[in-house]
Every structure is written in structure tokens, then in C-alpha cells.
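J.: quick one, fold the following:
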Amino acid sequence: MDDDPSRTAEAARQRTRRMPLRDIWQWIAPWLLGVLLGCASLLGFFTASGARGADTYVIGFITAGLALLALIWLVKHVCDRPTPGLPLDILVDRPESLLLLVALLSALAVGGLFLAAEARGAAESAGYALFVVCLIFIGWNLKHYYDQANPR
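T.: This is a model prediction of the structure:
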């Protein structure tokens with residue numbers, strides 16, 4: 001067994017220079033969310049362009065518009081301040097922000113249901129997935145808000 005002190009010291013220095021995985025995730029998470037919002041916007045535009053009914057056309061544009069607004073909000077949020085705490089800072093603390101977020105996510109969830117009702121195949125699954133994800137984020141934000149308002 002070779003326990004050369006210079007080698008172990010060099011290995012310890014290498015370990016201290018490594019960036020923690022949490023720091024890497026905090027850098028990647030906003031970019032990943034931005035890509036997902038961009039894809040949601042494109043999906044909305046593609047849905048609107050291939051729509052056979054007026055309701056699917058409108059829901060496609062609403063989905064694209066809400067995704068673009070969320071992308072703009074994300075860029076502004078990241079530029080205003082770095083996110084301490086959660087790597088994906090999607091929880092709101094103010095009642096005005098909560099109301100706006102619940103309204104936007106509810107509209108997006110209903111849009112997902114319309115998409116699922118009108119489409120077949122992958123678009124139908126995407127519509128149901130959009131609905132479920134929106135409900136999860138609404139519930140998560142409501143729980144966070146009320147936990148902050150009444151800490152026990």
C-alpha cells in the first residue's frame with residue numbers, strides 16, 4: 001500500500017477545488033426551466049397551427065402566450081437576484097403573486113384539458129400531463145404560502 005503524503009495532499013486539494021453538485025444544479029435549473037417554457041410555447045403554437053376547431057386554436061395561443069409570459073418572468077427573476085435556497089425557485093410568498101400564479105396555472109391546466117380532449121396520441125398525453133403538473137404546482141405553492149403565513 002502506497003501512502004505517499006504528497007499524493008494524498010494533492011488529492012485533498014483536488015477535492016476542495018471541485019464545485020458542489022448543488023451549485024451546478026442552481027446554475028442549470030433556470031436554463032432547464034427556460035428550455036421547458038420555450039418548448040411549451042412552441043407546443044402551443046403548433047397546436048394552434050394544426051387546430052381543426054376554434055377552441056383548440058384559442059387554447060393553443062393561450063398556452064403559447066402564458067408560456068412566453070412565464071419565460072419573461074423567469075428571465076426577469078433570474079436577472080433581479082440570484083436564487084438562494086431552492087434550486088428551482090418557483091414558490092411565491094406574496095398574496096398578489098400567489099393569486100396571479102394560481103390564475104395562470106389554472107388557465108394553463110384548463111388548456112391542457114382542452115388539448116387532451118381534442119387530440120389523440122402524444123398530444124393527448126401531453127395535455128393530461130400539463131393539467132397534472134399545473135395542479136401539482138398550484139398545490140405546492142398554496143402549501144408553501146400557508147406554511148409561511150402560519151409557521152408552527
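J.: helices of this structure, start to end?
T.: 5-17, 21-49, 54-80, 95-118, 122-149 (DSSP state H).
J.: need those helices in CSV (columns: mean pLDDT and mean neighbour count).
T.: Every residue, glycine included, has its C-beta placed from N, CA and C. Below are these laid out as CSV (pLDDT from 0 to 100; neighbours: other C-beta atoms under 10 Å):
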stretch, mean pLDDT, mean neighbour count
helix 5-17, 71, 9
helix 21-49, 80, 15
helix 54-80, 78, 16
helix 95-118, 83, 17
helix 122-149, 84, 15
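J.: skipping its backbone neighbours, what lies nearest the most centrally placed residue in the chain in space?
T.: Central residue of the chain (C-alpha atoms, centre = their mean): Leu33, 4.8 Å from the mean position. Computed as C-beta to C-beta, 6 or more residues apart in numbering, the closest residue to Leu33 that is not its neighbour in sequence is Leu74, at 6.0 Å.
J.: one step back: ok, now how distant is the residue nearest to the centre of the chain from Ala109?
T.: From Leu33 across to Ala109, the span is 18 Å (C-beta to C-beta, to the nearest Å).
J.: could you do Ala11 as well?
T.: For Ala11 relative to Ala109 (C-beta to C-beta), the value is 51 Å.
J.: wait, what's in contact with Leu135?
T.: Ala109 (C-beta atoms under 8 Å, 6 or more residues apart in numbering).
J.: can you give me the end-to-end span of stretch 44-58?
T.: Its start and end residues considered, stretch 44-58 measures 9 Å (C-alpha to C-alpha, to the nearest Å).
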